[in-house]
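Peer 1: With the sequence up front, the predicted model follows.
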There are 2 protein chains.
Amino acid sequence: MKAQKVTLSSIASELNVSKTLVSLVLNGKADALAINKDTQRRVLEKARALNYKPNQVARGLRMGQTKTLGLLVADISNPFYARITRTIEHQAEAEGYSLIVCSSDENESRERRLLKMLLDRQVDGIIMTSTMRSTETLSQIVPQGFPLVLFDRNLGNSNHHFVGVDNVKAVQQAIGHLFDTGHENIGFISLTPDHISSLQDRRKGYEAAFAARNKSLNPAHLLQVDYMQLKEKQYELISRFLKEHPEMTALFTANNNLAVACLKSARELGISIPKDLSLITFDDVELFQYTAPALSSIAQPLDEIGKVAVQLVLHQLTETGFAPRKEILQTTFTIRESSCCRE
Amino acid sequence: MKAQKVTLSSIASELNVSKTLVSLVLNGKADALAINKDTQRRVLEKARALNYKPNQVARGLRMGQTKTLGLLVADISNPFYARITRTIEHQAEAEGYSLIVCSSDENESRERRLLKMLLDRQVDGIIMTSTMRSTETLSQIVPQGFPLVLFDRNLGNSNHHFVGVDNVKAVQQAIGHLFDTGHENIGFISLTPDHISSLQDRRKGYEAAFAARNKSLNPAHLLQVDYMQLKEKQYELISRFLKEHPEMTALFTANNNLAVACLKSARELGISIPKDLSLITFDDVELFQYTAPALSSIAQPLDEIGKVAVQLVLHQLTETGFAPRKEILQTTFTIRESSCCRE
DNA sequence: CTGAAAGCGCTAACAA
DNA sequence: TTGTTAGCGCTTTCAG
């Protein structure tokens, strides 16, 4: 089946030298040890001739590091995560690391299982968006001191490294903009599980915007749909919400998927955006520039998040006991066609 | 740093039994060997008490299989691949496999490097979209008989397993539709590298549609932009193309990114779609339903492609010398607002 | 300058 | 019913 395995020993025996020597040469430690140039050449040549490929599993076992990182996101098919994954993958690859990617589906028990799997596979570090309630649950699974970086959402009083954005501020600004343009009845659609910090913070931003203007918020204008519900069901809930609240003149959605669902609902209900309803969403997706109407949105710095995340894990690999850092990056608020002044 | 390692030996020595015994019990082979129920319980309890986690790297080395698959795509951030990745990941996970994901960026030397990396890491199988010219190049890297599945695009007279769609037929049908609705000057935008089979086939479909109606095709209506060019550059080329060919009344784009670029160009040039120009694209993306205008498109069965791909690799793992299979799945052509009758 | 030997953590013959 | 032993392929002291 697989071609003859060529190992260090094959090379060594063909050359009548020891595995040690071969290993040393192949790992570039030969010069430091002043090994015969000629011997070196012979080893190198033979290795090439036999098309030797070091077995990274064996190496990983021996060295206690696999040069692999785990990336655990809510859903790899969500453009937000897909885009970040790309950056992370490239950064990691540049540093000699591979990525094992998995999606939790916002399901805590699935997340637990995947996390354990990553650990069992001896990944050197993990970058993740956790759907857990508390840092304790996480700590039960991930050993103290294990290189870990959370992104997008943090855990309550977490002592882990984190990279994300200031959700409260970003949303508050956007809602503020809606107030400034004459809106009062501003709705908010978010997702459950609702203990997810980024989602909570977005809601807080919504509330804060009301508080800042001494406006009182109508709880009926707040809708939460479940992440795991079927798209149709989500869409149905949103449609009902829109139908039942014609007094809303503006709406904020907490992520890209919800914005798409709203677009769909509004279209089918004959609600015109932004004429009848202004819409602003968290997350930007390239196509939001081209939807009808183009969507006003809050964009996160995806590349930067990815880069910082990798940087933070790798840093932990070398520097031990490096104090947990929280990197809060800037969002960009872009006004497009979907939001405008109340007439 | 990391908590005390607990290994098979730790358990064995604490219990004064052998590693073998522990291994057997923990792997559920105890009953088959009629091992004392009580001993089993003791082992299981101790393992749980010490929070034992089998080291999958060691296991992988010993067993000669890592329970890991490699997934190599052109660009994980492209919704087409992101969506398929999700399915593949879920299928793989259900079968006990993890996924190492990487993007080739349509760069052959990068692809080679990543492929070697995957092999060095001893993945049990690989699912990939290859950007290579020939099956020979691939065979130089991937050992004969190694479990491999190509998807999306095939290689010339490849003897590998493959899953994809009938690109020629799908495009021919779409272009045929344009003819049927009165269009004659139909443009086609594709990407380089142009040896990629799916892209070639899409072009063939375009040509075949002309041939089928005895129409002659204007070579000036064919544009290729380079995959690796910056988005701005691509966009600039497309804009020039649109400007220079006002006689075109319809356009077909070979993938989702190109469609978005066209949308942008047309918008900025004041070309109205579909009034001035009908647009149909290969690949469907959820948001294409909501763009202005909603895009007519050819959708591939993403879930099915992913499922079949996993099935085909795993099959090779068990069944040896299982004849290369080509699975050709059905596309779905959806007419939306972006294409209509020539006035 | 080079080699022998140990061992990473696990599984699987083969013994007992 | 359980233990001994060998070894997956590699790196790394420690000797020579």
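Peer 2: That came through, no problem. As the structure is a prediction and not an experimental result, all values here were calculated from the model.
Peer 1: Using PDB, list the CA coordinates for the helix or strand hosting residue A:22.
Peer 2: Here residue A:22 is covered by helix A:19-26, with elements defined by DSSP states H and E. Coordinates of the C-alpha atoms in helix A:19-26 are reproduced here as PDB (Å, rounded to 0.1, in the frame of the first residue of the first chain):
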ATOM      1  CA  LYS A  19      20.700   7.400  13.500                       C
ATOM      2  CA  THR A  20      22.100  10.000  15.800                       C
ATOM      3  CA  LEU A  21      24.300  11.300  13.100                       C
ATOM      4  CA  VAL A  22      21.600  11.400  10.500                       C
ATOM      5  CA  SER A  23      19.300  13.200  12.900                       C
ATOM      6  CA  LEU A  24      21.900  15.700  13.800                       C
ATOM      7  CA  VAL A  25      22.700  16.500  10.200                       C
ATOM      8  CA  LEU A  26      19.100  16.700   9.100                       C
END
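Peer 1: check whether whichever helix or strand comes after that helix contacts DNA strand C.
Peer 2: The helix or strand immediately downstream of helix A:19-26 is helix A:37-50, counting by DSSP H and E. Yes: for helix A:37-50 and DNA strand C, the contact criterion (CB under 7 Å from any atom of the strand) is met by residue A:39. For every residue, glycine as well, the C-beta is placed using N, CA and C.
Peer 1: next one: the helix or strand just after helix A:37-50 to chain centre, how far?
Peer 2: Read in the C-terminal direction, the helix or strand following helix A:37-50 is helix A:56-63, with elements assigned using DSSP H and E. The chain centre lies 28 Å from the centre of helix A:56-63; the measure is CA atoms, centre = their mean, to the nearest Å.
Peer 1: so what secondary structure elements neighbour helix A:56-63?
Peer 2: Packing partners of helix A:56-63 (3 or more CB pairs under 8 Å, 6 or more residues apart in numbering or on different chains; DSSP states H and E): helix B:56-63.
Peer 1: picking up where we left off before, may I see the buried residues of the helix holding residue A:22?
Peer 2: Neighbour-count burial for helix A:19-26, counted by 16 or more other CB atoms under 10 Å in any protein chain shown, picks out A:21-26.
Peer 1: ok, now stretch A:309-326?
Peer 2: Buried residues in stretch A:309-326, defined by neighbour count with 16+ other CB under 10 Å: A:309-314, A:316.
Peer 1: ok, so of those residues, who is nearest DNA strand D?
Peer 2: residue A:314 (18.6 Å; CB to the nearest atom of the strand).
Peer 1: Grab the nearest non-local neighbour of the closest one.
Peer 2: residue A:95 (6.0 Å; CB to CB, 6 or more residues apart in numbering or on different chains).
Peer 1: Kindly tell me how buried that neighbour is, as a neighbour count.
Peer 2: By other CB atoms under 10 Å in any protein chain shown, the residues close to residue A:95 number 14.
Peer 1: thought it was touching residue A:315?
Peer 2: No: taking CB atoms under 8 Å as the definition, residue A:95 is not a contact partner of residue A:315, at 11.0 Å.
Peer 1: ok, so what distance separates the nearest residue in space to residue A:53 that is not next to it in sequence from DNA strand C?
Peer 2: Leaving out its chain neighbours, the residue that sits closest to residue A:53 by CB to CB, 6+ apart is residue B:120, at 5.3 Å. From residue B:120 across to DNA strand C, the span is 17 Å (CB to the nearest atom of the strand, to the nearest Å).
Peer 1: hang on, residue B:120 packs against residue A:58?
Peer 2: No: using CB under 8 Å, residue B:120 and residue A:58 do not qualify as a contacting pair, with a distance of 10.5 Å.
Peer 1: All the strands of chain A, residue numbers only.
Peer 2: Ranges of strands within chain A are A:68-73, A:98-103, A:125-128, A:148-151, A:161-165, A:186-192, A:222-226, A:250-253, A:278-282, A:296-299, A:326-329, A:332-334, based on DSSP state E.
Peer 1: Need the pLDDT of the residue of chain A positioned farthest from its centre.
Peer 2: With CA atoms, centre = their mean as the measure, chain A has its most outlying C-alpha, relative to the mean C-alpha position, at residue A:16: 50.7 Å. The model reports residue A:16 with a pLDDT of 91.
Peer 1: Tell me how far it lies from residue A:39.
Peer 2: 11 Å (CB to CB, to the nearest Å).
Peer 1: follow-up on the earlier one: phi, psi for the residue nearest to residue A:314 please.
Peer 2: According to degrees, to the nearest 10, the main-chain angles of residue A:95 amount to phi -100, psi 10.
Peer 1: Give me the buried stretch members for stretch A:298-305, please.
Peer 2: Of the residues in stretch A:298-305, those buried under the neighbour-count criterion (16+ other CB under 10 Å) are A:298-300, A:302, A:304-305.
Peer 1: So what's the model's average confidence on it?
Peer 2: What stretch A:298-305 shows for mean pLDDT is 98.
Peer 1: That one near chain B at all?
Peer 2: No: when contact is scored as CB under 8 Å from any CB of the partner chain, no part of stretch A:298-305 falls within range of chain B; the minimum is 9.0 Å.
Peer 1: Next, the distance between the ends of that stretch.
Peer 2: With CA to CA, to the nearest Å as the measure, the first residue of stretch A:298-305 is 15 Å from its last.
Peer 1: and it, how far out from the chain's middle?
Peer 2: 10 Å.
Peer 1: How confident was the prediction at the residue nearest to residue A:115 when sequence neighbours are not counted?
Peer 2: Nearest non-adjacent residue to residue A:115, counting by CB to CB, 6+ apart: residue A:141, 5.3 Å away. Reading off the per-residue confidence, residue A:141 sits at a pLDDT of 94.
Peer 1: Over to the one 3 residues further on?
Peer 2: As summarised for this prediction, residue A:144 has a pLDDT of 89.
Peer 1: Distance check, it against DNA strand C.
Peer 2: When distances are taken as CB to the nearest atom of the strand, residue A:144 and DNA strand C turn out to be 17 Å apart.
Peer 1: what's the most distant pair in the buried residues of helix A:19-26?
Peer 2: A:21 and A:26 (9.4 Å; CB to CB).
Peer 1: Any chance you could list residues touching both of those two?
Peer 2: Both residue A:21 and residue A:26 are contacted by residue A:43, under the criterion CB atoms under 8 Å, 6 or more residues apart in numbering or on different chains.
Peer 1: which residue packs closest to the residue in the stretch 201-343 of chain A that chain B sits nearest to, ignoring adjacent ones?
Peer 2: Residue of the stretch 201-343 of chain A nearest chain B, by CB to the nearest CB: residue A:292 (3.2 Å). Of all residues beyond its chain neighbours, the one nearest residue A:292 is residue B:292 (3.2 Å), with distances taken as CB to CB, 6+ apart.
Peer 1: pretty sure residue A:167 is touching residue A:206, no?
Peer 2: No: with contacts defined as CB under 8 Å, residue A:167 does not count as touching residue A:206, sitting 10.2 Å away.
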